[in-house]
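> build the 3D model from these lines:
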Amino acid sequence: MRFASFPAVGMRRQCTLPGVTYFLTRRTTRRHYVLTPDEGGEVERIVLYLLGHLCTKHGVQLHAVCVMSTHLHYVVTDPRGVLPLFLQEFHRLLANSVKTFRGWPGEVFDKNPTTRTVLLTANADIQQIAYTIANPVEAAAVRYAADWPGLTTAPRDLGTRVEYVRRPNHYLRDATTFPDEVEVRFELPARVEALYGAKRARRLIQREVETREREAIRKIRARGWSFLGRARVLRQPHTKRSKSREEFGSLTPHFAAAGDVEAVKAHLDRIRGWDGLYDQCLERWRAGEHDVEWPPGTWAMVRYHGARAAPPPDDLRHAA
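Numbers count the residues shown, from 1 in each chain. Predicted coordinates:
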C-alpha cells in the first residue's frame, strides 16, 4: 500500500496486539484451483516449509491449517503482535513459489486482504480449528476430513505433530537466506490446554469435527449431491475455476466467542475505546502534533509513519 504525503488518509485502521489468536482465510484469484493438491505433494511441501520458516522467524504459533483448491484456512496465535508482517511475507513467498511450480502466469491470490477473525475464547479456538479441519467435507470434496489429499491437520496433531521439511526446489531453490530444512509444529492454543488439558482438548476438537462431518453429509445428501472423492480431487487441473455459487456482500465476522456473551461485550467495549483514542490521535497528528502517543496495537501509523504507540496493558492482550 502506498501512502501519500498527507498521513493516514485512506489508511486501513488496524489494531495488532500481541497474544491474539486468529482464524485466517486467503482466496485465490477468480477462484482458480491454483492450490489444488498434486500427486507429488509439492504444494503441501511449499506451504509447510513457508509456515515452518516464518512461524519461527516471527514467533507465530501454528495450530491448524487446511489448504483447499481455491483458498486456505489456518489458525494461529501471534505472541509478538506482528501478524501483518507474517501475512505479508507468507503470502508473497507462497504466491511466488506456486507460480514457479505451476508455471502460473498471473497473480495467485485475489486482491482482497486476508480475512482475519479474532478468537476470543478457548471454545472459539476449538470451533474454528474444527471448522478448518472439516472444510473439505463441507465443500463436498471428500466424505471425511482425513481423506483430503492436500495439506490439512488432524485433531491428534495438535500438541504432538512435528515435521521437518526440506526447502522446495522451485522459487526458493537459490535463496541462500532460507534454511535447507525447517521444523513445523502444530501446537494446542495455550488457553485451550489450560482449560481442558491436552488429551481432552484433542477429544473435544475431534468431536466437533465429527459433528461437522455428519451435518455436512446430511446437507449434501439432501441436495442430491455427491462427494468428489480423493482420486478425482487429485485429477483436478490447477487451471480450473470453481463453478459453485459464491455469495457476494455477505458479512465476514471480525471476532468469534462461541456464544460467550460476556466475552463479546468486553471485546466490543475495548474496541470502542480503542477507536475513540485512535480518532483523537489522528486529529492531533493531522494538526501537526507528531509526538502523540497512539493507542496500543496501532500498526500502520507506527510501521509506516514512525508514530509511537503505548505498550499494551494486560487486559488488552486479546483485543484486536
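
> list the beta-bridge partners for F109.
Beta bridges link F109 to T28, judged by DSSP bridges.

> might one say that it is in contact with N96?
No. Counting by CB atoms under 8 Å, F109 stays clear of N96, with 11.2 Å between them. Using the backbone N, CA and C atoms, a C-beta is placed for each residue, glycine as well.

> neighbour count winner among those two?
F109 (20 against 15; other CB atoms under 10 Å).

> give me every residue that touches that one.
R26, R27, T28, T29, H91, A95 (CB atoms under 8 Å, 6 or more residues apart in numbering).

> what ranges does the stretch 201-320 of the chain have for its helices?
230-235, 261-286, 300-305 (DSSP state H, counting those that start in this stretch).

> what residues of the helix or strand of the chain with the lowest mean pLDDT count as buried?
Every helix and strand in the chain was compared by mean pLDDT, DSSP states H and E; the lowest is helix 300-305, with a mean of 92. Using 16 or more other CB atoms under 10 Å as the test for burial, helix 300-305 gives A300, M301.

> for stretch 68-82, same thing?
The neighbour-count check on stretch 68-82 (16+ other CB under 10 Å) flags 68-78, 81-82 as buried.

> pipe the residues you listed into CSV and attach distance to L17 per row.
Shown next, in CSV, are the buried residues of stretch 68-82 (distance: CB to CB, whole Å):
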residue, distance to L17
M68, 29
S69, 33
T70, 31
H71, 26
L72, 24
H73, 22
Y74, 19
V75, 17
V76, 14
T77, 12
D78, 8
G81, 5
V82, 11
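
> which among the contacts of F109 end up buried?
Neighbour-count burial within the contacts of F109 applies to R26, R27, T28, T29, H91, A95; the criterion is 16+ other CB under 10 Å.

> so which of the helices of the stretch 201-320 of the chain is nearest A190?
helix 261-286 (16.6 Å; CB to CB).

> buried stuff in that closest one?
Those buried within helix 261-286 under the rule 16+ other CB under 10 Å are A263, A266, H267, R270, I271, W274, L277, Y278, C281, L282, W285.

> pull the most distant pair out of these.
It's A263 and W285 that sit farthest apart of the buried residues of helix 261-286, by CB to CB, at 32.1 Å.

> next, the distance between the ends of stretch 175-183.
18 Å (CA to CA, to the nearest Å).

> go through it and flag the buried ones.
Buried residues in stretch 175-183, defined by neighbour count with 16+ other CB under 10 Å: F178, V182.

> mean confidence (pLDDT) on it, please.
The pLDDT scores in stretch 175-183 average 90.

> ok, now stretch 258-268?
95.

> how far away from the center of its chain is it?
22 Å (CA atoms, centre = their mean, to the nearest Å).

> then stretch 196-214?
Distance, centroid of stretch 196-214 to centroid of chain: 20 Å (CA atoms, centre = their mean).

> stretch 255-270 too?
20 Å.

> filter the buried residues of stretch 68-82 down to the ones in strands?
H71, L72, H73, Y74, V75, V76, T77, D78 (DSSP state E).

> what packs against the least confident helix or strand of the chain?
strand 308-309 (3 or more CB pairs under 8 Å, 6 or more residues apart in numbering; DSSP states H and E).

> which elements pack onto the strand it packs on?
strand 293-294, helix 300-305.
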